[in-house]
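my questions concern the predicted model and sequence given below.
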Amino acid sequence: MLLTARHMRIAQRMVSLLFCAMLSAATALTAQESIQTRTAQLEGHITISSPTGRTTVARGATVTIDCEACLGRLRIDSTGYYRKSDLPVGPVTLEVRCPSATSLGAVAYTQALTLAAGEHRVHDVTLQAAMCAEPKLDSVRGRFRGIYTLHWEASTFQLCDEVPPIARAVMSRHEQIQNLAVVLSTAAVRNRFARVDVLPAALDVTPLYVEWHGTLVGPGTYGAWGLAPYLIKVDRVDSLRAVQLRDCPRINRYAARAPVRFDTSAVMLAAWRAIEAVPAEVGRVRVLSVTSRVDLATVPLSPTVTAQLRDGGVAITRPVEHYGNAKREVFRVVDLEPQANGTVVAVLASAFTIPDGKVEWFGTHTVRLRVVCVARGCGATVISP
């Protein structure tokens, strides 16, 4: 059969398409092989050995591979198997946590490894049952003091005093799980919080100092997302007020340094007057950012102190309003350092934006001031601008 010119063109096009497809497949295969030669893979089985020598799958154990660009924990499957592909070449750290009734078990195994390009490493781990021993579900009634932060999604409670014995082994694993979940068990207890008059309008961001009676239960997964290892069921509230600087030295990093007669309002007003005495950039207004939280890099100021500063003429803002305003210089209180001679060193840091055509630069400035308080009041001088 004779082929026409049209048939020839179709045949050439089909050959061309087939060649392109083969070239694309070869390129993809080459790229995949290139990735595999630049990365490594780590896999293995996690088991647990009992005192009798019997080995079983460590169901519920978690594996973390710590390296550059690695993220998250790997949960082993029903056979104890774990695998992580595309690991960067070089040093990594393999960490295995025990099965646990909580969201985070104890670290039972850690090993530094060095992976070569294209390596397929098999690394099995056997945990010792004694290292993974965890207290059984237990409870204790008592009086608990602490800082309670109300939040619509995840309220938190931290103990002022030492953790009760039944919870120490679990809660000492990681400082980030020191929070306890709370259940306000009766309407009377819940109404007590609804009537508190020391809070600003933003109820869900203000910590409270509380003393209450109830039952501590655990270990388990409690609270929002199951991250709290213990739960307190509160049945009576004895004390409820705003957090003060001297509260709970065990968890409040500012409390241990605060003298008995520390007048935060007077010290802050004196420091602010000294800052105001230094000429500001034309068109820029100075404001003070305050927070009553105890877990931020800012000295917490109670709602009472905040109100006194506002009454003294200090322009107050909130942390969420720091950015995007070139007409303001927003200060925050970094530290209040009582000295042996009775003076106080106040450290304030400011943040501001600097417009430069269509670009805005972010600037910062730190001021250290010495505050001296006598019977007539407090005065401050700038130590270092």
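Everything's here; your move.

extract the C-alpha trace of stretch 66-82 and format it as PDB.
Provided in PDB are the C-alpha atoms of stretch 66-82 (Å, rounded to 0.1, in the frame of the first residue of the first chain):
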ATOM      1  CA  ASP A  66      15.700  15.200  64.400                       C
ATOM      2  CA  CYS A  67      17.500  16.700  61.400                       C
ATOM      3  CA  GLU A  68      17.400  19.700  59.100                       C
ATOM      4  CA  ALA A  69      14.000  19.900  57.300                       C
ATOM      5  CA  CYS A  70      12.600  17.100  59.500                       C
ATOM      6  CA  LEU A  71       9.300  17.700  61.100                       C
ATOM      7  CA  GLY A  72       6.900  15.900  63.400                       C
ATOM      8  CA  ARG A  73       6.700  12.500  65.000                       C
ATOM      9  CA  LEU A  74       6.200   9.100  63.300                       C
ATOM     10  CA  ARG A  75       3.800   6.700  64.900                       C
ATOM     11  CA  ILE A  76       4.700   3.000  64.300                       C
ATOM     12  CA  ASP A  77       2.200   0.700  62.700                       C
ATOM     13  CA  SER A  78       0.700  -2.500  64.200                       C
ATOM     14  CA  THR A  79       3.800  -4.500  63.500                       C
ATOM     15  CA  GLY A  80       6.100  -2.000  65.100                       C
ATOM     16  CA  TYR A  81       7.500  -0.700  61.800                       C
ATOM     17  CA  TYR A  82       8.500   2.900  61.100                       C
END
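
buried set for that stretch?
Residues 67, 74, 76, 80, 82 are the ones in stretch 66-82 that count as buried (16 or more other Cβ atoms under 10 Å). From N, CA and C alone the C-beta is placed, and that goes for glycine too.

what's the most distant pair in the residues you listed?
67 and 80 (22.1 Å; Cβ to Cβ).

strand partners of the top strand by length along the chain, parallel vs antiparallel please.
As assigned by DSSP state E, the longest strand anywhere in the chain is strand 359-374. Paired neighbours of strand 359-374 in the sheet (DSSP bridges): strand 344-356 (antiparallel), strand 377-384 (antiparallel).

check which residues of it are buried.
367-373.

quick one: least confident of those residues?
Least confident entry in those, by pLDDT: residue 373, with 86.

got a list of what that residue touches?
Neighbouring residues of residue 373 by Cβ atoms under 8 Å, 6 or more residues apart in numbering: 263, 266-267, 270, 342-344, 379.

now swap in residue 80 and tell me
45-47, 57-59, 61.

and what of residue 275?
Applying Cβ under 8 Å, 6+ apart, the residues contacting residue 275 are 286, 331, 348, 367, 369, 382.

the host helix or strand of it - what's its average pLDDT?
Using DSSP states H and E, residue 275 sits within helix 264-277. Averaging pLDDT along helix 264-277 gives 92.

also stretch 168-178?
Mean predicted lDDT for stretch 168-178 stands at 73.

check stretch 75-86 too.
Averaging pLDDT along stretch 75-86 yields 90.

how many neighbours does residue 212 have?
22 (other Cβ atoms under 10 Å).

what's the helix or strand for it?
With DSSP H and E as criterion, residue 212 is part of strand 207-218.

now the element after that strand, going C-ward?
Past strand 207-218, the next helix or strand by DSSP H and E is strand 231-242.

which secondary structure elements does that following strand contact?
Contact analysis of strand 231-242 by 3 or more Cβ pairs under 8 Å, 6 or more residues apart in numbering; DSSP states H and E lists strand 181-184, helix 187-194, strand 207-218 as its packing neighbours.

quick one: distance of that strand to the chain centre.
Strand 231-242 sits 25 Å away from the centroid of its parent chain (Cα atoms, centre = their mean, to the nearest Å).

can you pull the buried residues of that strand?
Neighbour-count burial for strand 231-242, counted by 16+ other Cβ under 10 Å, picks out 231-235, 237, 240-242.

least confident pick among these?
pLDDT is lowest at residue 242 among the buried residues of strand 231-242; the value there is 72.

distance of it relative to residue 327?
With distances taken as Cβ to Cβ, to the nearest Å, residue 242 is found 32 Å from residue 327.
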